[in-house]
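*Asks:* can't give you the sequence, but here's the structure:
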């Protein structure tokens, strides 16, 4: 197991190097000039040159790259010009916000999609199968920012059930001391139940919009994979042997149907992490997606490079985790590995 | 289970977790709400110090409220009775007395003035701060130079509580330039302690902290999310502000900002689409203030060095072809001052901005084009800054449509905000729309930047004319020496010339719009167009 993890991590190194080089070159190839942008609305040519010099953009590209690599080796991702903070700190502060939102969205999505998919597969053509089809089609065809805006309009503006879409906590609560960076967990550790409630109610709508969007792939994949497994020989054998239907479905069929579902889950998760930019914008969520997009608009290199690198590392780790999960679910994968 | 029952139970569950907020708020928090002002806006500061590298406009708002200057402006009654800063009247902020001499001005500091950390404000701090502003480079140094403040030697410590600013030359803009945001007074002792050899002015420190003596001090700043500022109860710059705490949250979605205003969750906001402002004005639930930008104009610019716009006849034809009124109605929803269509008999005023005499007249435009040899039109590109697409895009489409009637095929070129300034500095765009607005409200200031042959970045048309330069330089000299007759003649001269040669076509004077709850009062308009919390009151 450990050798496998080691091997996988080693093989990720070339791709990470590639990511570093490509993002560096791409950000430099962007047409904008950060010096002119940050010199402000009324800068003279000299002022712009002064700023360019201060930012080190007057040096040749190779020198900039060497300096960037040197900083990277020390764990320094540079400083964002738009927010004025070190990129590493910003990502460390913002990643938990995105992760909490995405994980909760995914959890809601799984808890609805899996049962829905399984039920739809066991009773194809029934009302629940149609329900599955309708919800997934509707969910995937509504763009996620639209669902977000609609939810805000209905639950905040019209009904007033939900708090103002103002990020992770109500304005008048202070954030709990950081332990995990997840407000739901940190507020519980701090035994601040009012803040927990506030954090949860802030999370419901954005996580809900993400869940609606990600329902479709999970439910459809569960249904398809379950249908295939239910039609296979060993299920027929199990049924013929007189096992209870619940045992057949949960123990035998479901476990075997899980492999493609896990693959889909990993894809959905990484997709959500990147795609929740829009949800973050709608709900003023201080996550990394909106951070990266804002930086890109301002041609602010450091955060874009930091963001891409973080995402690359996360994808590598995620894929590793999924591979390990495969082994847990299906022993055959372990032997081949 | 029926589908409907299922849906019902799901929405019931969701509702259970979303109990209305007021029910769970303890009384301490309710008090906090009534003493705090919740500001929501699209963007937040990237630096709390206006002397910093690349500080953005929201950063100016923090600087304005957290730092003091030697002097500030008095208020007068502006359009619609809204308090409007008075260009010509100054009052002391840190200075209790200002004595203008022939070639210098002397300030006596308020003896009780203290920085947020309790150290007294001395003449040494003032000198250090002004030295810093003229030395750090970039925007602050540029802004100081606009008032002929360029050398540290100009700032002299007379004694602990007296500072003298020497003039390099006579310039009417020197005193007003000491009342803009840039020459703020920084706690030199505190900042020097946190400076390093690489960063002698301590810019890294003040980027994150406010080290001033202003009415508010920053207590928490989460970049891109929120800024919290608490009142400084020891402030001596003016009457103690009514608002104890300002919570400024960034809400990128304009629709959500409006929803929060209408539901009463946010107290004050700006940067909304003009249509929203117009609707909010109409439904009357909120107070909406709309005031013209000082010394600001949105215009269509033309590159006068390249054909076809090197021909004044073509430029005049363009000025007749602009769909002025349509822009006022469909793009601005009336939230702007027209800068066109003055009656032919009207005499030129000694003022800026003032409307020109062009009107939409396609027949005249056609005739002028034919005279210039472009009877069949030509092809060009019309560029705009995507950062202000809300106004720029519909505006450019209307212009495009109008030009098409003359056979002019204008392709629209949307330039991303990050590139816009780069494109402008290159001075190659043939046709574009842009806004210029000067902090200092003087005609010759506007013309110096926008029409003078020294070709600053704002002379986006690369317009050069010896006659124009003579008028502008003449007006500056006349203003400095107080020669009113010469000044009036020169101002009228450059305005007339600008309208005759039309290197740029003024369209309208934009409005700054602010929406606030009915219980919020005291809004003041400042040249920088950001909020001044010190005057705001929440009932």
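*Replies:* Arrived safely, thanks for sending. On a predicted model such as this, the values are computed, not experimentally measured, just so you know.
*Asks:* which residue ranges of the stretch 51-200 of chain B form strands?
*Replies:* Taking DSSP state E, counting those that start in this stretch as the test, the strands found in the stretch 51-200 of chain B are B:71-77, B:83-92, B:95-100, B:104-109, B:155-159, B:162-166.
*Asks:* tell me which of those strands sits nearest to chain A.
*Replies:* strand B:83-92 (18.5 Å; C-beta to the nearest C-beta). Backbone N, C-alpha and C define where each C-beta goes, glycine included.
*Asks:* hmm, back to that, turn the strands of the stretch 51-200 of chain B into CSV, columns for mean neighbour count.
*Replies:* Converted to CSV, those look like this (neighbours: other C-beta atoms under 10 Å in any protein chain shown):
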stretch, mean neighbour count
strand B:71-77, 16
strand B:83-92, 16
strand B:95-100, 16
strand B:104-109, 19
strand B:155-159, 15
strand B:162-166, 20
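*Asks:* turn these into a markdown table, columns for mean pLDDT.
*Replies:* Listed next are these as a markdown table, based on pLDDT from 0 to 100:
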| stretch | mean pLDDT |
| --- | --- |
| strand B:71-77 | 93 |
| strand B:83-92 | 92 |
| strand B:95-100 | 92 |
| strand B:104-109 | 94 |
| strand B:155-159 | 94 |
| strand B:162-166 | 94 |
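*Asks:* now those in a markdown table, with distance to residue B:288?
*Replies:* Listed next are these as a markdown table, based on distance: least, C-beta to C-beta, whole Å:
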| stretch | distance to residue B:288 |
| --- | --- |
| strand B:71-77 | 18 |
| strand B:83-92 | 16 |
| strand B:95-100 | 36 |
| strand B:104-109 | 39 |
| strand B:155-159 | 42 |
| strand B:162-166 | 40 |
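*Asks:* nearest to residue B:360, out of the ones you listed?
*Replies:* strand B:83-92 (31.3 Å; C-beta to C-beta).
*Asks:* can you tell me the SS state at residue A:203?
*Replies:* helix (DSSP: H, G, I helix; E, B strand; the rest coil).
*Asks:* surely it touches residue A:101?
*Replies:* Yes. Using C-beta atoms under 8 Å, residue A:203 makes contact with residue A:101 at a distance of 6.7 Å.
*Asks:* which one of the two is surrounded by more residues?
*Replies:* residue A:101 (27 against 21; other C-beta atoms under 10 Å in any protein chain shown).
*Asks:* any idea of the mean pLDDT for the helix or strand where the more buried one lies?
*Replies:* In the assignment (DSSP states H and E), residue A:101 maps to helix A:87-122. Throughout helix A:87-122, pLDDT has a mean value of 88.
*Asks:* run through who's touching the helix or strand just after it.
*Replies:* Later in the chain than helix A:87-122, the nearest helix or strand by DSSP H and E is helix A:127-141. When contacts are defined by C-beta atoms under 8 Å, 6 or more residues apart in numbering or on different chains, helix A:127-141 is touched by residues A:116-117, A:119-120, A:123, A:212-217, A:219-220, A:223, B:3, B:6.
*Asks:* what's the spacing between the residue of the stretch 151-300 of chain B found nearest chain A and residue A:183?
*Replies:* Residue nearest to chain A within the stretch 151-300 of chain B (C-beta to the nearest C-beta): residue B:223, separated by 3.4 Å. From residue B:223 across to residue A:183, the span is 18 Å (C-beta to C-beta, to the nearest Å).
*Asks:* quick check: residues of the stretch 201-337 of chain A near chain B?
*Replies:* Within the stretch 201-337 of chain A, the residues that sit near chain B (C-beta under 8 Å from any C-beta of the partner chain) are A:201, A:204, A:208, A:281-284, A:286, A:290-291, A:294, A:297-299.
*Asks:* residues touching the nearest residue to residue B:309 once chain neighbours are set aside, list them.
*Replies:* Excluding its sequence neighbours, the residue lying closest to residue B:309 (C-beta to C-beta, 6 or more residues apart in numbering or on different chains) is residue B:302, at 3.9 Å. Counting by C-beta under 8 Å, 6+ apart, residue B:302 makes contact with B:309, B:315, B:318, B:430, B:431, B:461, B:502, B:503, B:504, B:505.
*Asks:* which two in those are spaced the farthest apart?
*Replies:* B:430 and B:502 (14.9 Å).
*Asks:* more neighbours: those two, which one.
*Replies:* A direct count of neighbours by other C-beta under 10 Å for residue B:430 and residue B:502 places residue B:502 higher, at 26 against 20.
*Asks:* that one touches residue B:312, doesn't it?
*Replies:* Yes. Using C-beta under 8 Å, residue B:502 is in contact with residue B:312, at 7.3 Å.
*Asks:* what packs against the longest helix seen in chain B?
*Replies:* Longest helix in chain B, counting residues (DSSP state H): helix B:484-501. Helix B:484-501 makes packing contacts with helix B:312-321, helix B:443-450, helix B:466-481 when contacts are defined by 3 or more C-beta pairs under 8 Å, 6 or more residues apart in numbering or on different chains; DSSP states H and E.
*Asks:* now do the first one against helix B:484-501, angle only.
*Replies:* So the one you mean is helix B:312-321. With axes from the mean of the first three to the mean of the last three C-alpha atoms, to 10 degrees as the basis, helix B:312-321 and helix B:484-501 are set at 90 degrees to each other.
*Asks:* tell me which residues of helix B:312-321 come out buried.
*Replies:* Buried positions in helix B:312-321, judged by neighbour count with 16 or more other C-beta atoms under 10 Å in any protein chain shown: B:313, B:314, B:315, B:316, B:317, B:318, B:319, B:320, B:321.
*Asks:* widest-spaced pair of the residues you listed?
*Replies:* Farthest pair in the buried residues of helix B:312-321, by C-beta to C-beta: B:313 and B:321, 12.5 Å.
*Asks:* what's the pLDDT at residue B:17?
*Replies:* Reported pLDDT for residue B:17: 42.
*Asks:* can you name the residues of the stretch 51-200 of chain B that neighbour chain A?
*Replies:* Residues of the stretch 51-200 of chain B found near chain A (C-beta under 8 Å from any C-beta) are B:52, B:53, B:54, B:55, B:56, B:57, B:137, B:138, B:139, B:141, B:142, B:143.
*Asks:* go again using 7 Å as the cut-off
*Replies:* By C-beta under 7 Å from any C-beta of the partner chain, the part of the stretch 51-200 of chain B that sits against chain A consists of B:53, B:54, B:137, B:138, B:139, B:142.
*Asks:* near the fourth one, how many other residues are there?
*Replies:* Residue B:138 has 25 neighbours, counted by other C-beta under 10 Å.
*Asks:* and for the first one?
*Replies:* Other residues near residue B:53 number 25, with proximity taken as other C-beta under 10 Å.
*Asks:* which ones are touching it?
*Replies:* Shown in contact with residue B:53 (C-beta atoms under 7 Å, 6 or more residues apart in numbering or on different chains): A:38, A:51, A:54, B:138, B:203.
*Asks:* 10 Å - rerun?
*Replies:* Going by C-beta atoms under 10 Å, 6 or more residues apart in numbering or on different chains, residue B:53 touches A:35, A:38-40, A:50-51, A:54-55, A:81, A:84, B:46-47, B:136-140, B:203-204, B:207.
*Asks:* just the buried subset of these, written out for ChimeraX, thanks.
*Replies:* Buried residues within those, by 16+ other C-beta under 10 Å, are selected in ChimeraX with:
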select /A:35,38,39,40,50,51,54,55,81,84 /B:46,47,136,137,138,139,140,203,204,207
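*Asks:* quick one: which of the contacts of residue B:302 is nearest residue B:383?
*Replies:* Of the contacts of residue B:302, the one sitting nearest to residue B:383 (C-beta to C-beta) turns out to be residue B:431, at 7.1 Å.
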